[in-house]
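Participant: Structure, please.
(2 chains)
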Protein chains: 2
Amino acid sequence: MTPGTQTDPGTLMRAEIAEQPGVYGRILAGDAGAIRDAHREIARRSPRFVTIAARGSSDHAALYAKYLFETRAGLPVGLTSPSTYTVYDRHPVLADSLFLAVSQSGTSPDLVRSLAEARESGAFTVAVTNTPDSALALAAHRHIYIDAGEERSVAATKTYTAELLALYLLIVPEPSDLAPLPAAASAALTHIDEVAALAGRVGAARSVITTGRGFSYPSAREVALKLAETSYLPALAYSAADLMHGPLAMIDPDMPVIAIVAPGTAGRAMAPVCDSVRERGGAVLTVGYDQAADLALDRVGLDDAVLPMLEILPLQQMALTVALARGIDPDRPRGLHKVTRTN
Amino acid sequence: MTPGTQTDPGTLMRAEIAEQPGVYGRILAGDAGAIRDAHREIARRSPRFVTIAARGSSDHAALYAKYLFETRAGLPVGLTSPSTYTVYDRHPVLADSLFLAVSQSGTSPDLVRSLAEARESGAFTVAVTNTPDSALALAAHRHIYIDAGEERSVAATKTYTAELLALYLLIVPEPSDLAPLPAAASAALTHIDEVAALAGRVGAARSVITTGRGFSYPSAREVALKLAETSYLPALAYSAADLMHGPLAMIDPDMPVIAIVAPGTAGRAMAPVCDSVRERGGAVLTVGYDQAADLALDRVGLDDAVLPMLEILPLQQMALTVALARGIDPDRPRGLHKVTRTN
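Facilitator: Numbers count the residues shown, from 1 in each chain, chains lettered A, B, ... in the order given. Got it, this is the predicted structure:
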């Protein structure tokens, strides 16, 4: 498509949402070897801790990576604020650590500078991007290419999920069988009626709260950002535990809560939160893995830690639907550009 | 006051906001020695990294502590999710590290368990609480008592700022002269007309965005939580850089932006963000340290890192004013209890 070509609203976002099962298939078939090689190099260096830097949707992928490092690799993680490095010009000592930067474009000057300075202070540096010749990719010891194809919609969809999969392969010592993932992702994109019902409720709301716990908290953050940037809907994401510390008071019938309910312990921990919302007259819309969920996905035996790659898919469709219903073109949110340059 | 005694709406929150200059004075006059002793013990142990666990307002104090450790002590910090420990039952290796837990009540079971397990895995543990005989205080190697006096309002005010001051004294190697702080705090509480003007704008809004950068980002997060819990107003906090990555699209005249503009580099980095909001027809309400700010505070020579202890004060007053104007008693938000027990 040449610049200036007109497309119907949401054409790009819709197409890129639909590409995701194929992107998963491509990553699993192709570059996993290179990612596992980087995994082995990290294991060989045996870092004491990990620092991750990212912005926007990639910051939600970074949060996912934090949970993976902590629960699957036994490594403590700090999500860093590039401003620590670039605004105050002070630098923590990062010897014997891993510094990971996650960015679709790989061009944000503050990330490039943070990574370069982490490298100088002794960290082993890995960049995860969709742009192999980007400044960030070139500055790092290793580059992980997420191979999502060009992303043209301003709202990130396929690059977010490709980041999740690349990070899973990079971090988890013995990845589970991922062969069912592409088909499960295709199936997750077929819940048209449930997506329309969710979008109807959300689109009519004054504002919305999203919540999840553990691996599903990054999904809650990501759908909140999608709603904010494509539908201009004030969407507040809280971890289920933080929601109980104050924000619960906001709940009323005009502010539905989208709860992402993971299987197992993390999901069971959501039950009292959902009950508290309902006791306050609030509406809870659940996305989860048992038949009681408003939108029930089939996990087809996938590892708990893989499920964020499924549950975000119908939520992206929901954000697209809400935007179009509000007369907004989610491919061209007002005042946003694809690449944001912060210093 | 005995339980059940009726008070006018906001009586407790107003009184506790007003106590803060006195709390600062008490901390500086009294317990600073004990805090500095813990500082020396941390320095002697020379941890490689720091993990901080907290919830709610204390989590914003934890974010402040992260900036302090990174910029003033050269130590990388991870803000941890207690759910990593308690939901998944997996534990990162924390030998040679510092684990810090921040909590007004010191009773949250997930925090107590996280700290105990960090201690078992080799971390030096410090609890910062307002409750010396709490489970959290007793479980830690060292306890820092913030000495804020009993907090009766559900919305935390004086315990938040007392945590900030205790953390400053704990973390910064050579604390600046803090003698002017109590008087500066008293002065910060006198901007009655500007607070009323801000509250008028914010109270009429559909929702509000709060933003800041560096040390002022925790202030932005904290005022958003105060507005959510006391005024039921959807308030979205973004770091200034993250605001540019998507949420900017939401801006319209019904969604004012409260920008906390620190002096120096961090504040200058806010200028393009404020300009972008105004270009989109949004209203920017600034709290800062030069005369151009809508609410201008006098820093009286205090260190940049101390200013979060000032700038939050009129913003607490604003949240109180908005709540009362909406007919809400901020001392008793619907459905909240003073101590939240998450597992």
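Participant: For the stretch 101-250 of chain A, which segments are assigned as helices?
Facilitator: A:109-120, A:135-139, A:158-171, A:181-188, A:192-203, A:216-231, A:240-243 (DSSP state H, counting those that start in this stretch).
Participant: If you count contacts, what does the first one end up packed against?
Facilitator: Packing partners of helix A:109-120 (3 or more C-beta pairs under 8 Å, 6 or more residues apart in numbering or on different chains; DSSP states H and E): strand A:49-54, helix A:82-86, strand A:97-103, strand A:124-129, helix A:135-139. (Each C-beta comes from the backbone N, C-alpha and C, glycine too.)
Participant: Check those for me: which has the lowest mean pLDDT.
Facilitator: Mean pLDDT values for the helices and strands packed on helix A:109-120 show the minimum at helix A:82-86, a mean of 67.
Participant: Neighbours of residue A:52, how many?
Facilitator: Using other C-beta atoms under 10 Å in any protein chain shown, residue A:52 is surrounded by 26 other residues.
Participant: wait, isn't it in contact with residue A:75?
Facilitator: No - using C-beta atoms under 8 Å, residue A:52 is not in contact with residue A:75, being 10.9 Å away.
Participant: Tell me how chain A divides into domains.
Facilitator: Domain segmentation of chain A under automatic domain parsing yields A:31-146, A:181-325.
Participant: Which one of these lies nearest to residue B:45?
Facilitator: domain A:31-146 (14.8 Å; C-beta to C-beta).
Participant: quick one: the closest one to chain centroid distance?
Facilitator: 16 Å (C-alpha atoms, centre = their mean, to the nearest Å).
Participant: which non-adjacent residue is nearest residue A:243?
Facilitator: residue A:211 (5.2 Å; C-beta to C-beta, 6 or more residues apart in numbering or on different chains).
Participant: does that neighbour really touch residue A:241, like I thought?
Facilitator: No - at 9.4 Å, residue A:211 does not count as touching residue A:241 under the criterion of C-beta under 8 Å.
Participant: List the buried residues in stretch A:8-22.
Facilitator: A:9, A:10, A:11, A:12, A:13, A:14, A:16, A:17, A:19, A:20, A:21 (16 or more other C-beta atoms under 10 Å in any protein chain shown).
Participant: correct me, but the first one touches residue A:330?
Facilitator: In other words, residue A:9. Yes - counting by C-beta under 8 Å, residue A:9 touches residue A:330, with 7.1 Å between them.
Participant: Spell out which residues are contacts of both of those two.
Facilitator: A:323, A:324 (C-beta atoms under 8 Å, 6 or more residues apart in numbering or on different chains).
Participant: helix/strand/coil for residue A:78?
Facilitator: Following DSSP: H, G, I helix; E, B strand; the rest coil, residue A:78 is assigned to strand.
Participant: what residues are up against it?
Facilitator: A:49, A:50, A:51, A:52, B:49, B:66, B:76, B:77, B:78, B:79.
Participant: And the residues you listed, which of them are buried?
Facilitator: Looks like the contacts of residue A:78 have A:49, A:50, A:51, A:52, B:49, B:66, B:76, B:77, B:78, B:79 buried, using 16+ other C-beta under 10 Å.
Participant: hmm, back to that, okay if I get the domains of chain A as a markdown table plus distance to residue B:58?
Facilitator: Formatted as a markdown table, the domains of chain A follow (distance: least, C-beta to C-beta, whole Å):
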| stretch | distance to residue B:58 |
| --- | --- |
| domain A:31-146 | 18 |
| domain A:181-325 | 9 |
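Participant: ok so, going back, export the helices and strands packed on helix A:109-120 to TSV and tack on distance to residue B:186?
Facilitator: TSV is the format used below for the helices and strands packed on helix A:109-120 (distance: least, C-beta to C-beta, whole Å):
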stretch	distance to residue B:186
strand A:49-54	39
helix A:82-86	30
strand A:97-103	43
strand A:124-129	47
helix A:135-139	47
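Participant: out of those, which comes closest to residue B:174?
Facilitator: Between the helices and strands packed on helix A:109-120, helix A:82-86 lies closest to residue B:174; by C-beta to C-beta that is 19.4 Å.
Participant: quick revisit: any idea which of the helices and strands packed on helix A:109-120 gets closest to residue B:285?
Facilitator: helix A:82-86 (21.6 Å).
Participant: between the contacts of residue A:78, which is closest to residue B:228?
Facilitator: Out of those, the member with the shortest distance to residue B:228 (by C-beta to C-beta) is residue B:79, at 19.6 Å.
Participant: Please give me every residue in contact with the closest one.
Facilitator: Counted by C-beta under 8 Å, 6+ apart, residue B:79 has contacts A:78, A:79, B:51, B:52, B:53, B:54, B:59, B:62, B:63, B:66.
Participant: now what about the strand or helix carrying residue A:16, what contacts it?
Facilitator: Assessed by DSSP states H and E, residue A:16 sits inside helix A:11-18. Helix A:11-18 is contacted from outside by A:151-153, A:155, A:157-158, A:189, A:230, A:313, A:316-317, A:320, A:330-331, using C-beta under 8 Å, 6+ apart.
Participant: Mind doing that once more with 6 Å?
Facilitator: A:152, A:153, A:155, A:157, A:158, A:316, A:320, A:330, A:331 (C-beta atoms under 6 Å, 6 or more residues apart in numbering or on different chains).
Participant: The helix or strand harbouring residue A:33: which residues count as buried?
Facilitator: If you go by DSSP H and E, residue A:33 is part of helix A:32-45. Buried positions in helix A:32-45, judged by neighbour count with 16+ other C-beta under 10 Å: A:32, A:34, A:35, A:38, A:39, A:42.
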